[in-house]
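Enquirer: I would like to see how this sequence folds:
(4 chains)
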There are 2 protein chains.
Amino acid sequence: MSILFSRQCEYAIQGVLYLALKPEGEMTSIKELTKRLDIPYHFLGKILQRLAAKGLLMSLKGPTGGFALTKRAKDITLFDIVEAVDGSAFTKNCVLGFPECSGKNPCAVHNTWGRMRDEIYEMLVSKNISDMAKEMKKPEYRVAG
Amino acid sequence: MSILFSRQCEYAIQGVLYLALKPEGEMTSIKELTKRLDIPYHFLGKILQRLAAKGLLMSLKGPTGGFALTKRAKDITLFDIVEAVDGSAFTKNCVLGFPECSGKNPCAVHNTWGRMRDEIYEMLVSKNISDMAKEMKKPEYRVAG
DNA sequence: TCATATTCAGATTTTTCTATCCGAATTTAA
DNA sequence: TTAAATTCGGATAGAAAAATCTGAATATGA
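Expert: The predicted model follows:
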C-alpha cells in the first residue's frame, strides 16, 4: 500500500529521477525505463503522457524517440511532480477525515498535523531532482533483475 | 482522497472519538453514530464490527443495543485504532515507492522521511482518545445537517 | 408471546485506481 | 518507399476499496 502518494505518483517520481541522470536533451524510451525500474510498460506510458501534457516532459515519436525533461533537472522539485499527478489534496484535507475541520473548528491533531504537513511540503520543495538522483548511488539499478 | 489513512480508518477514528464522549458502559447504536457523523450506515456497521472483533469495542444486540469501548478512553490511543484498521504499512514502506529502499540503499528522502514518520508515530501514540474528544469543542456536531 | 430494534454474516454492487490492449500517427533509417 | 520503432488516444479489463443489500440471530419490552 502506498503511503503518502498514489502509485501513479510514485512511478512518476521514479521515472523522472531516472531521466534526470540522462545527458540534457537525450531521449529515453518507455522500454528502457520499464526495464530498469520495475513499472508496468503501458501504465508508465500513460503516466509519462500525463507529465508531458502538464509540460514537465517533452516527447518524440519514432525510433530514437522517447521522453526527456523540458527544464533542467536542477529546476524541478519533487513537489512539481506530486502536484502534477496527485494534486495538492494533502495540503488541504483533515488528516482524520473530518469534513469541517479548520482553524476555527480544529480536530484534535489539527495543529500538530499542520506542522508536520509543512515539514513534508518543505521536504518536497527543498531538493531538486538533479541532486536527488545523484545522491542515490544507482537509482537505475535499484530493482533486481 | 484520503491522506495518511484509508477512509475506513478515518471513519473508525471518528466513531471511536464519538464513543469516548459517552458515559462509561453506555451503548450507542450505529443509527445514532451515522446521524451525527456523516458516515454511510452499513459501512460504519462493518467497521465497528471489525473493531469489536479486534477487541477495541464491545457490542450488544437488540433494542438498547449498540457499541461501547472495552477499555477506558484514557487508555486508548489513535495508534490503537490505526493499527487495527490499516495495519502498520506506513511505518515500513519507502515513501517514494522504491522497492529496495533501505538504510544501506536509501532513496533521496529516506532519512528525512524517517524523521517525519517517527514524528507521526509519536503523534499517534502520545494522546489518548479521551483528551482528544474533549479537546474538540463539539465532535458530534461537526457535520452540518 | 410477539412486534420491534438492534447487531451479525455473507454476498453483491458501485466506484476508484491500476493495468492492459489495440490500432493509428509519427519518425527514422535503410 | 518501406519496414521498424516509437508515442498517442481511447477503450477495456482487473483489482482493490467503498458502499449497499438481505436475511438471520438476538435482545427488549409491552
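Enquirer: Distance check, the residue in chain A that DNA strand D sits nearest to against residue B:15.
Expert: Nearest residue of chain A to DNA strand D (C-beta to the nearest atom of the strand) works out as residue A:59 at 3.4 Å. C-betas here are computed from N, CA, C, even on glycine. Counting by C-beta to C-beta, to the nearest Å, the separation of residue A:59 from residue B:15 is 48 Å.
Enquirer: which of these two has more neighbours?
Expert: Neighbours per residue (other C-beta atoms under 10 Å in any protein chain shown) separate residue A:59 from residue B:15, with residue B:15 holding more: 24 against 16.
Enquirer: So that one is in contact with residue B:38, correct?
Expert: No: with contact defined as C-beta atoms under 8 Å, residue B:15 does not reach residue B:38; the gap is 11.7 Å.
Enquirer: Give the buried residues for the biggest helix by length in chain A.
Expert: For chain A, the longest helix by residue count, based on DSSP state H, is helix A:110-126. Judged by neighbour count using 16 or more other C-beta atoms under 10 Å in any protein chain shown, the buried positions of helix A:110-126 are A:110, A:112, A:113, A:116, A:117, A:120, A:123, A:124.
Enquirer: Same check on stretch A:97-107?
Expert: Using 16+ other C-beta under 10 Å as the burial criterion, the residues of stretch A:97-107 that qualify are A:97, A:98, A:101, A:106, A:107.
Enquirer: near DNA strand C, anything from that stretch?
Expert: No: with C-beta under 7 Å from any atom of the strand as the threshold, stretch A:97-107 lies outside contact range of DNA strand C, at a closest distance of 14.4 Å.
Enquirer: re earlier: hang on, isn't the residue of chain A closest to DNA strand D packed against residue A:48?
Expert: Yes: Residue A:59 sits in contact with residue A:48 when judged by C-beta under 8 Å, with a separation of 7.3 Å.
Enquirer: Might you list the low-confidence residue ranges for chain A?
Expert: Counting by pLDDT under 70, chain A contains low-confidence ranges at A:1, A:137-145.
Enquirer: Repeat the analysis, applying 80 as the threshold.
Expert: Filtered on pLDDT under 80, chain A yields the residue ranges A:1-2, A:137-145.
Enquirer: Now do the same contact list for the residue of chain A closest to DNA strand D.
Expert: Under the criterion of C-beta atoms under 8 Å, 6 or more residues apart in numbering or on different chains, the contact partners of residue A:59 comprise A:48, A:49, A:52, A:65, A:66, A:67, A:68.
Enquirer: hmm, 10 Å instead?
Expert: If a contact means C-beta atoms under 10 Å, 6 or more residues apart in numbering or on different chains, then residue A:59 has A:27, A:30, A:48, A:49, A:51, A:52, A:53, A:65, A:66, A:67, A:68, A:70 as its contacts.
Enquirer: Give me the nearest residue to the second one, chain neighbours excluded.
Expert: By that I understand residue A:30. Spatial nearest neighbour of residue A:30, chain neighbours left out: residue A:45 (5.1 Å); criterion: C-beta to C-beta, 6 or more residues apart in numbering or on different chains.
Enquirer: Same question for the fourth one.
Expert: Distances taken as C-beta to C-beta, 6+ apart place residue A:59 nearest to residue A:49, at 7.5 Å, with adjacent residues excluded.
Enquirer: Please report how far the one you found lies from residue A:27.
Expert: 8 Å.
Enquirer: Check residue A:72 too.
Expert: Shown here: residue A:72 relative to residue A:27, a distance of 16 Å by C-beta to C-beta.
Enquirer: quick one: which of these two has more around it?
Expert: Counted by other C-beta under 10 Å, residue A:72 and residue A:27 do not tie: residue A:27 has more neighbours, with 16 against 12.
Enquirer: backbone phi and psi for the more buried one, please?
Expert: Per-residue torsions, residue A:27: phi -90, psi 140 (degrees, to the nearest 10).
Enquirer: quick one on the thing from earlier: shared neighbours, residue A:59 and residue A:27?
Expert: Here residue A:59 and residue A:27 have A:65, A:66, A:67, A:68 as joint contacts, going by C-beta under 10 Å, 6+ apart.
Enquirer: got any residues that touch both of residue A:59 and residue A:48?
Expert: Applying C-beta under 10 Å, 6+ apart, one finds that residue A:59 and residue A:48 are jointly contacted by A:30, A:66, A:67.
Enquirer: Out of the residues you listed, grab the one that's most surrounded.
Expert: Compared across these, residue A:67 has the highest neighbour count, 26 neighbours, by other C-beta under 10 Å.
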